[in-house]
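Q: sequence plus the predicted model coming up.
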Amino acid sequence: MLRNLLALRQVTQRTISTTSRRHFENKVPEKQKLFQEDNGIPVHLKGGASDALLYRLTMSLTLGGTVYAIYQLAMASFPKKQN
């Protein structure tokens, strides 16, 4: 039992280390320049085509949900006639 715990301890120490194995390029200054540029584009659309697509999808889902909720409220407010 103790041997298994010691082996587990070694495995966890090897896999979780403080040194990074991959060196990533810092892209924060580039993004800061992009988002702080005064070019008349709203900040939620400055990310490019993917931001515009996500914005349009969100707006269409919101509008569709609002229309559907109003439709359901209207249907609930007028009960069906019983024959």
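A: Good, I have the coordinates.
Q: quick one: mean pLDDT for stretch 75-83?
A: The average of the pLDDT scores along stretch 75-83 is 86.
Q: helices and strands of this protein: which one has the lowest mean pLDDT?
A: Averaged element by element with mean pLDDT, DSSP states H and E, the chain has its least confident helix or strand at helix 2-15 (a mean of 72).
Q: that one: what's the following helix or strand?
A: Next in sequence after helix 2-15, counting helices and strands by DSSP states H and E, comes helix 28-36.
Q: which strand or helix spans the residue nearest in space to the middle of the chain?
A: Geometric centre of the chain, nearest residue: residue 54, 9.9 Å, by C-alpha atoms, centre = their mean. Secondary structure from DSSP H and E places residue 54 in helix 49-77.
Q: show me what that helix is packed against.
A: Using 3 or more C-beta pairs under 8 Å, 6 or more residues apart in numbering; DSSP states H and E, no helix or strand is in contact with helix 49-77. No exception for glycine: its C-beta is placed from N, CA and C like everyone else's.
Q: tell me, how many residues neighbour residue 49?
A: Counted with other C-beta atoms under 10 Å, residues neighbouring residue 49 total 8.
Q: go on, residue 52?
A: When counting by other C-beta under 10 Å, one arrives at 14 neighbours for residue 52.
Q: that one reaches residue 45, doesn't it?
A: Yes - under the criterion of C-beta atoms under 8 Å, residue 52 makes contact with residue 45 at 5.6 Å.
Q: which residues are common contacts for the two?
A: When C-beta atoms under 8 Å, 6 or more residues apart in numbering defines a contact, no residue borders residue 52 and residue 45 alike.
Q: for residue 61, see how far away residue 22 is.
A: 36 Å (C-beta to C-beta, to the nearest Å).
Q: looking at the two, which has the bigger crowd around it?
A: Counted by other C-beta under 10 Å, residue 22 and residue 61 do not tie: residue 61 has more neighbours, with 10 against 4.
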